[in-house]
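*Asks:* Dropping a prediction and its sequence here:
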Amino acid sequence: MGEIVFRDLRMVLLSDEGVHSLELAVASGHADFRVTIPLTEHDSAVIENDQERAALLQAALHHPFQLKETWLDESEQRLYLDVILHAPEADVEAFLTEKDHGRANGAISNMVRITCGKDPSRLRGGRWFGH
């Protein structure tokens, strides 16, 4: 079994006999728990090799899993993975900005600020890539 731990992002990339998954630590009030998200081999490769997209994915997934009311089903998880890991940067930025300005109410940009030290005003302005 292969395992890559992203300590700053509180997630673990797992691979076992061709089955790939992402274990994401979620903090919600007084409870901390883990969510396991199925991945394709291509998803896994992007997470392993693109630290920036990995951090954006972690931030975007963390918020909806904090509450049962906003929990992502497998098709919604797939959408997040497809856009954040595989879409052109402009599409990723539009997706993250929509989510961050909507239901997340700044939680995604705040998580990226915490984990990556990025300027929150740039993030809130829709510029998620680069510094």
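*Replies:* Now that the structure is in, tell me what you want to look at.

*Asks:* from here on, contacts and neighbour counts on C-alpha atoms
*Replies:* Noted.

*Asks:* wait, what's in contact with residue 2?
*Replies:* Residues near residue 2 by Cα atoms under 8 Å, 6 or more residues apart in numbering: 14, 15, 16.

*Asks:* low pLDDT regions in this protein?
*Replies:* Across the chain, the ranges flagged by pLDDT under 70 are 1, 69-70, 131.

*Asks:* All the helices of it, residue numbers only.
*Replies:* For the chain, the helices defined by DSSP state H cover 41-49, 51-62, 74-81, 89-101, 107-116, 120-124.

*Asks:* Of the contacts of residue 2, which is the nearest to residue 112?
*Replies:* Lowest distance from residue 112 to those (Cα to Cα) belongs to residue 14, with 22.4 Å.

*Asks:* my read: that closest one touches residue 20, true?
*Replies:* Yes. The pair residue 14 / residue 20 is scored as a contact, 5.6 Å apart, by Cα atoms under 8 Å.

*Asks:* Leaving aside the residues adjacent along the chain, what's closest to the most centrally placed residue in the chain?
*Replies:* Centroid-nearest residue in the chain, with Cα atoms, centre = their mean: residue 57, separated by 1.9 Å. The spatial neighbour of residue 57 that comes closest, neighbours along the chain excluded (Cα to Cα, 6 or more residues apart in numbering), is residue 84 at 6.1 Å.

*Asks:* so the one you found touches residue 58, yeah?
*Replies:* No. Using Cα under 8 Å, residue 84 makes no contact with residue 58, being 9.9 Å away.

*Asks:* and the residue sitting furthest away from the middle of the chain, backbone torsions?
*Replies:* The C-alpha centroid of the chain is most remote from residue 17, which lies 24.0 Å away (Cα atoms, centre = their mean). Main-chain dihedrals, residue 17, degrees, to the nearest 10: phi 50, psi 50.
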